[in-house]
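J.: just the structure for this:
(chains A, B, C and D)
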Number of protein chains: 2
Amino acid sequence: MKNYSRQREEIIKVVKDSYSHLTAEDIYMTVKAKDPAVSRSTVYRNLGLLVENNIINKISMQVGADRYDYRREPHNHAICVKCGKIFDFKYDFEYEKIREVVKEQTKIEISNNGIALEGICDSCKIDN
Amino acid sequence: MKNYSRQREEIIKVVKDSYSHLTAEDIYMTVKAKDPAVSRSTVYRNLGLLVENNIINKISMQVGADRYDYRREPHNHAICVKCGKIFDFKYDFEYEKIREVVKEQTKIEISNNGIALEGICDSCKIDN
DNA sequence: CTATAAATCAGGATTAATTCCTAATTTATG
DNA sequence: CATAAATTAGGAATTAATCCTGATTTATAG
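T.: Predicted coordinates:
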């Protein structure tokens, strides 16, 4: 992340402007609409850099491709492991305290911007 | 999960006896040591069934293959997104209350057996 | 028991998502 | 303006997981 690039700016913009949870492919298609020369590897490389620099979050999924969202205020995700739908939910976790406890017990510096939980959504429960 | 199978029993045993977080490949290799005829697809198919039936947990990773662990008392995971190491940690989450809140807000029936957080572990922080 | 149906299997082909590689281009630096 | 550093496009390669087919095993019903 040392030099400016038009492509990276556009990728950030796409993720920032979307309030949903996009896949790399979604982002690639959207950027490509504006800049047809952009390549998939540029999208993947930049998404990786942006995650490393805590500008966006990566959500690893049990089903389908990873998702990305722009890092705003902390919020939580409930993910359906059948269809991959992601819902935001509110819950008053003590993020700071959790971070400290984890650091103390495991030496891991947590980067999560919320807590992700998994289960089965309503419509997947019906048609099983 | 209607019929008995020797292969499935052995897969359960491997996951149960290991107190670490195994990949499908780890499990395949261990089962194969006892039963050289077992196939990879049998391992994948059964792991899927066992997850669906809440006998084991699947941990989706930002790096490398998914991991599996036997479903014992609830416990939490801190995962290094660089090297993929998984550490257990203790924290007194109100699992039941969280489950209710998520159900109410999102209609998702949570299956998690604990909470997973991500970050960078000590040794990955040093050699970056 | 034996016949039939249902579930499971092995082995390998296929797919999906991501990473890696290379030579060309762009951006920063002095 | 010249050189070094960062980034790119495009496509090949890799990885993990799923899917397919015909054979085998297990359960069920007579």
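
J.: check the secondary structure at the residue in chain A positioned nearest to DNA strand D for me.
T.: Relative to DNA strand D, the nearest point of chain A is A:Thr42 (2.7 Å; C-beta to the nearest atom of the strand). The C-beta positions use only the backbone N, C-alpha and C, and glycine is treated the same way. Under DSSP: H, G, I helix; E, B strand; the rest coil, A:Thr42 falls in the helix class.

J.: list the contacts of it.
T.: A:Gln7 (C-beta atoms under 8 Å, 6 or more residues apart in numbering or on different chains).

J.: just A:Lys82 next, same as before
T.: Neighbours of A:Lys82 in contact, by C-beta under 8 Å, 6+ apart: A:Val63, A:Ile120, A:Cys121, A:Cys124.

J.: wait, A:Ser123 sits on A:Cys83?
T.: Yes. With contact defined as C-beta atoms under 8 Å, A:Ser123 reaches A:Cys83; the gap is 7.4 Å.

J.: could you list the domains of chain A?
T.: What automatic domain parsing lists as the domains of chain A is A:1-72, A:73-128.

J.: residues near A:Leu50, how many?
T.: 21 (other C-beta atoms under 10 Å in any protein chain shown).

J.: confirm it sits in a strand?
T.: No. Read with three-state DSSP, A:Leu50 is helix and lies in no strand.

J.: can you pull the contacts of it?
T.: A:Arg8, A:Ile11, A:Ile12, A:Val15, A:Ile56.

J.: stretch A:95-102 near chain B anywhere?
T.: Yes. Using C-beta under 8 Å from any C-beta of the partner chain, stretch A:95-102 comes into contact with chain B via A:Ile98, A:Val101, A:Val102.

J.: mind listing what's buried in that stretch?
T.: A:Ile98, A:Arg99, A:Val101, A:Val102 (16 or more other C-beta atoms under 10 Å in any protein chain shown).

J.: near DNA strand D, which residues of chain A show up?
T.: A:1-3, A:5, A:7-8, A:35, A:37-42, A:45-46 (C-beta under 7 Å from any atom of the strand).

J.: just give the nearest non-adjacent residue to A:Val51, would you?
T.: A:Lys58 (4.7 Å; C-beta to C-beta, 6 or more residues apart in numbering or on different chains).

J.: tally of neighbours for the one you found?
T.: Quick note: A:Lys58 (other C-beta under 10 Å) scores 19 neighbours.

J.: tell me which element it falls in.
T.: For A:Lys58, the enclosing helix or strand under DSSP states H and E is strand A:56-59.

J.: ok, residues contacting that strand?
T.: Outside strand A:56-59, the residues that touch it by C-beta under 8 Å, 6+ apart are A:12, A:15, A:21, A:47, A:50-51, A:66-71, A:77, A:79, A:86, A:112-113, A:116, B:62.

J.: out of the contacts of A:Leu50, which comes closest to B:Met29?
T.: B:Met29 lies nearest to A:Ile56 out of these, by C-beta to C-beta, at 36.0 Å.

J.: nearest spatial neighbour of that closest one, skipping sequence neighbours?
T.: Counting by C-beta to C-beta, 6+ apart, the residue nearest A:Ile56 is A:Leu50, at 4.6 Å.

J.: what does A:Val101 give?
T.: That would be B:Tyr91: by C-beta to C-beta, 6+ apart, it lies 5.4 Å from A:Val101.

J.: that neighbour: neighbour count?
T.: Counted with other C-beta under 10 Å, B:Tyr91 comes out at 16.

J.: next, give phi and psi for it.
T.: When quoted as degrees, to the nearest 10, the phi and psi of B:Tyr91 stand at phi -160, psi 140.
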